[in-house]
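Undergrad: Requesting a structural model of the entry that follows:
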Amino acid sequence: MVSQFPESVSLLLILMTLIPLLVLDQSLTITGQETGKDLIAGTCNKTEYPEDCISALESDPRSFISNMTELTRIALEITATKTNNSLTVARYWVNHSPDYPSWGLATVCANYYNDSVNSMKDSLEAFDELKYEESYQSLESVNNLVTACKNVGVDVLNDVNTMMLRITQDVMVILHMLF
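TA: Model (predicted):
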């Protein structure tokens, strides 16, 4: 069968169809990011540490295309990652303590952080089951465990404890918005 259009006309028709679709796709992506940035900023501005909150959420590209529930899930995931990293730091100081008393205090904090990792798992599991209040309670437990570590007085963990307290407090506010 012979085509009724010359090859150049067919190519032109294809391009005329594809170009508007590509432009539309690009504009939807830009709009999605602007909406995501607005949601991130609006949500984080309700927290105690909005700059930290915005920085954490914008570090995950999924945040830009998320609704409130998805954004909260991402915030919990970021907190879980930071909790795991904090446990690693606490364990490092258990293994590198200069003396027995320092080792004992670092061990107490490592145990608190180990419990925090388990509480974060519980928080994520409850969240996925749409049990937001239960998820909040588990996250609150993480905050309490970090506070307990801070009160032990392991100076080398001060920055880690401060970072964890800030993120757990912010994510508790975000999570509370869901119930």
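
Undergrad: Confirm for me that Glu77 is in contact with Leu124.
TA: Yes: under the criterion of CB atoms under 8 Å, Glu77 is in contact with Leu124, at a separation of 7.2 Å. For glycine as for every other residue, the C-beta is placed from the backbone atoms N, C-alpha and C.

Undergrad: neighbour-wise, which of the two wins?
TA: Between Glu77 and Leu124, counting by other CB atoms under 10 Å, Leu124 is the more crowded of the two (18 against 15).

Undergrad: and Glu70, how many neighbours?
TA: 13.

Undergrad: which stretches of this protein have low pLDDT?
TA: With pLDDT under 70 as the threshold, the chain has low-confidence stretches at 1-35.

Undergrad: so where do the helices sit in it?
TA: Under the criterion DSSP state H, helices of the chain are mapped to 7-44, 50-58, 68-95, 100-128, 132-152, 158-176.

Undergrad: Report the buried residues of the third one.
TA: What that stands for is helix 68-95. Of the residues in helix 68-95, those buried by neighbour count under the rule 16 or more other CB atoms under 10 Å are 71-76, 78-80, 82-83, 86-87, 89-91, 93-94.

Undergrad: ditto for the fourth one
TA: Applying a neighbour-count criterion of 16+ other CB under 10 Å, the buried positions in helix 100-128 are 102, 105-113, 115-117, 119-120, 122-124, 126-127.

Undergrad: Could you check how far that helix is from the centre of its chain?
TA: 18 Å (CA atoms, centre = their mean, to the nearest Å).

Undergrad: Likewise for the shortest one?
TA: The gap between where helix 50-58 is centred and where its chain is centred comes out at 9 Å by CA atoms, centre = their mean.

Undergrad: how much space between Met164 and Pro98?
TA: As judged by CB to CB, to the nearest Å, Met164 and Pro98 stand 24 Å apart.

Undergrad: I appreciate the help and will end here.
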